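Colleague: here is my input, please return the structure:
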Amino acid sequence: MDTILDQFEHLITTVQLQTQDRKPYLSISGPCPRTDNHSSALNELNERLISLTEKLECRYVQNMTSFKYADGNIDESLYYDNVHLSRKGTNRLVERLSGIPGLCKSQQPTTEMRHYVQPQHRRKNFHSRQYHQNRLGQSSYPRQHTRHTPSPLNVNTALNRASSHGDCDNVAHPTLYRQNSYIDRGCYFCGEQNHTTKRCRYDKPIECRQCGLKGHKENFCHFR
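Modeller: As a prediction, this is how the structure comes out:
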């Protein structure tokens with residue numbers, strides 16, 4: 001017990017010496033009562049701590065009476081096994097310690113905290129001016145509104161162009177070759193303009209004798 005008291009005294013005096021300019025008023029929390037074999041020694045320690053805190057000018061939180069009835073018996077509902085505090089007993093101890101004033105004054109925030117509002121997911125308007133600005137507030141490069149003329153050898157671009165104009169009957173296989181990528185081309189099987197692929201007399205793309213590619217006749221070959 002003397003060792004415990006020496007440790008308390010050393011800790012209190014160390015804090016007081018290192019903070020002489022502020023002179024904090026320290027608060028020491030006393031032990032909680034218990035009903036085991038150490039009950040008498042705990043009561044003696046409590047009395048000696050009261051004397052020590054009065055000597056060193058500290059505030060002492062008396063917990064012995066807070067866990068007992070008026071007749072002196074311990075409130076067993078505050079314990080699990082008459083030694084360890086239950087949830088109710090822990091809440092009682094927290095209430096006792098929460099009433100102790102802090103060493104430093106709590107600082108009030110100079111500005112109020114703004115509540116975070118989750119942004120709503122709105123449908124992007126690709127033609128609005130706001131959409132063309134990035135997150136840094138800088139305007140992006142102006143969008144090009146002119147349509148690029150696809151290359152005659154770019155089959156995928158030609159097919160996408162044909163699909164966008166609704167000429168579904170003239171859609172050829174991606175591996176076929178076209179003389180040019182404009183929609184004025186009639187049939188994708190033979191290359192003639194007087195009919196569509198659906199009305200072509202050929203049931204599949206014919207092979208060009210000039211270049212060996214399929215989808216047009218020799219008369220419409222690009223390599224002539």
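
Colleague: name the SS class of Asn91, please.
Modeller: Counting by DSSP: H, G, I helix; E, B strand; the rest coil, the backbone at Asn91 sits in helix.

Colleague: pLDDT score for it?
Modeller: pLDDT recorded at Asn91 is 92.

Colleague: and for Lys55?
Modeller: 90.

Colleague: what separates it from Gly89, distance-wise?
Modeller: 30 Å (CB to CB, to the nearest Å). C-beta: built from backbone N, CA, C; applies to glycine.

Colleague: remind me which residues of the chain are low pLDDT?
Modeller: Along the chain, segments meeting pLDDT under 70 span 22-24, 101-185, 224.

Colleague: switch the cut-off to 50
Modeller: In the predicted model of the chain, residues 106, 109-116, 131, 135, 153-159, 161-184 satisfy pLDDT under 50.

Colleague: ok so, going back, Lys55 and Gly89: which has the busier surroundings?
Modeller: Gly89 (19 against 10; other CB atoms under 10 Å).

Colleague: I figured that one hits Tyr79, correct?
Modeller: Yes. In this structure, Gly89 is within contact of Tyr79 by CB atoms under 8 Å, at 5.8 Å.

Colleague: common neighbours of those two, please.
Modeller: With contacts taken as CB atoms under 8 Å, 6 or more residues apart in numbering, Gly89 and Tyr79 have no neighbour in common.

Colleague: tell me the spacing between Gly186 and Gly215.
Modeller: Relative to Gly215, and taking CB to CB, Gly186 is found at 12 Å.

Colleague: do you know how far Asn194 is from Arg59?
Modeller: For Asn194, the distance to Arg59 - CB to CB - is 107 Å.

Colleague: more neighbours, the two?
Modeller: Comparing Asn194 with Arg59 by other CB under 10 Å, the one with more neighbours is Arg59, at 12 against 7.

Colleague: need the phi and psi values for the more buried one.
Modeller: Here is the backbone geometry of Arg59 (degrees, to the nearest 10): phi -90, psi 140.

Colleague: so what's the nearest residue to it once chain neighbours are set aside up against?
Modeller: Excluding its sequence neighbours, the residue lying closest to Arg59 (CB to CB, 6 or more residues apart in numbering) is Ser27, at 4.2 Å. When contacts are counted by CB under 8 Å, 6+ apart, Ser27 touches Cys58, Arg59, Tyr60, Val61, Ile100, Pro101.

Colleague: where do the strands sit along the chain?
Modeller: Ranges of strands in the chain, per DSSP state E, are 27-29, 59-61.

Colleague: the first one pairs with which strands, parallel or anti?
Modeller: Using DSSP bridges, the strands paired with strand 27-29 in its sheet are strand 59-61 (parallel).

Colleague: which residues touch the strand it pairs with?
Modeller: 25-30, 49-50, 53-54, 96-97, 100.

Colleague: 10 Å instead?
Modeller: Identification of contacts with strand 59-61 by CB atoms under 10 Å, 6 or more residues apart in numbering yields 25-30, 46, 49-54, 93, 96-97, 99-101.

Colleague: test my guess that Ile206 contacts Phe189.
Modeller: Yes. Contact between Ile206 and Phe189 holds when scored by CB atoms under 10 Å: they sit 6.4 Å apart.
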